[in-house]
Every structure is written in structure tokens, then in C-alpha cells.
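Enquirer: Build the 3D model from these lines:
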Amino acid sequence: MTAEILDFSGVGNWRWSSTNGTQQPSYVAKNVYDQPTATLGRERSYGRRSEVAFRLVELAFKSPNAQPYALARALKWLINLPEALPNPFVAIGDDGSISTEWDVDGNSLHVTFDDDIEEVYFFSPNGEEWESSLDAVDKLSSAMRTIALAASARR
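Expert: Residues are numbered from 1 along each chain as shown. Below is the predicted model of the structure:
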């Protein structure tokens, strides 16, 4: 296992931050030996996700009410998504929450980061619908697999 760092220590100095210069480095453990699942590999997707991460940071700079800790958690989560999953649409809500969304062939997966919580919503055309948190790993993995398969069928 390797440890990789995302340094958000400067987040307190961003003009929209309410952290007053507090240092908040964040660490992410990543197992480089993870075996791929049946449909979603665990290859590093940092390069593939960089465009979305930069877009999200750009949106945060433009939004006076963007929540800095929600942004940090969303970025950490975003760069660790499985490679087979397409890039999400990202947005910042009026309340400063951070949203990542996939809508592919009637399948919808929305993950919203808000201050100290994450909310996950999934809907599929076959009638599966649920709301939960990122702790619902099995449900979330299944939803991501569904989105990845739908996206790969489009190609």
C-alpha cells in the first residue's frame, strides 16, 4: 500500500474559505495492488480525473459560498474513482455543496458533498432507486458498475 497526499493546507487562504488559515492536509491510502473487479478496475485515474478536478476547483473559486471542506472531500473521492467510470458532471449548489453526477441511458448516480456529510442518490430505468451515504459501499459499487457498463455500451 502506498500513501499519497493531497495537500489542501492552503484552503484556509482561499478568498472564499472560512477556515482562517487553518492547516488541513489530507492523506489518501491507495493500494496499488488492488485486483480489478469483474467490471471496474482500480487503476489510478488521477490523470483522467484531472480535467474534472480542475473544473471543480475553478467553479469553487468563482462561487463565494463554496464549502472548502466539501470541496476537499469531493476532490479526494473524485481522484480515487475507478478508471472504468466516466467523468462526472460537477457543480456547486447555491448552498455551497459540491455535486458529482452521472446520467447515462436512464441511470442516474448523484453524490453530493455538504459540510460534513455525503448523500448518494441512485436511480435506474429498471426501477431500482435508493438514497444513502458513501458508507453503503456495496450499493455504491453496484451503481458505479451500472453506470460504467451503460457508458461502455455507448462507445
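
Enquirer: what's the next secondary structure element after the lowest-mean-pLDDT helix or strand in the chain?
Expert: Confidence across the helices and strands of the chain bottoms out at strand 26-30, with a mean of 38, counting by mean pLDDT, DSSP states H and E. Of the helices and strands lying after strand 26-30 in sequence (DSSP states H and E), the nearest is helix 46-62.

Enquirer: how about that next one: buried residues?
Expert: Neighbour counts over helix 46-62 (16 or more other Cβ atoms under 10 Å) mark 49, 52, 53, 56, 60 as buried. C-beta coordinates here come from the backbone N, C-alpha and C atoms, glycine included.

Enquirer: how near is the last one to residue 67?
Expert: Put plainly, it is residue 60. According to Cβ to Cβ, to the nearest Å, residue 60 and residue 67 sit 9 Å apart.

Enquirer: okay, and the common contacts of these two?
Expert: By Cβ atoms under 8 Å, 6 or more residues apart in numbering, residue 60 and residue 67 have these common neighbours: residue 98.

Enquirer: what are the bridge partners for residue 123, then?
Expert: Legend: beta-bridge partners of residue 123 under DSSP bridges are residue 108, residue 129.

Enquirer: From residue 108, how far off is it?
Expert: Here residue 123 is placed at a distance of 5 Å from residue 108 (Cβ to Cβ).

Enquirer: got it, and residue 54?
Expert: Using Cβ to Cβ, one gets 24 Å for the distance from residue 54 to residue 108.

Enquirer: and what of residue 99?
Expert: Taking Cβ to Cβ, one finds residue 99 at 12 Å from residue 108.

Enquirer: Likewise for residue 61?
Expert: Remark: distance between residue 61 and residue 108 (Cβ to Cβ) = 28 Å.

Enquirer: With residue 79 instead?
Expert: The gap separating residue 79 from residue 108 is 22 Å, by Cβ to Cβ.

Enquirer: Show me which of those two is the more surrounded one.
Expert: Set side by side, residue 79 and residue 108 show more neighbours around residue 79, with 20 against 17, by other Cβ atoms under 10 Å.
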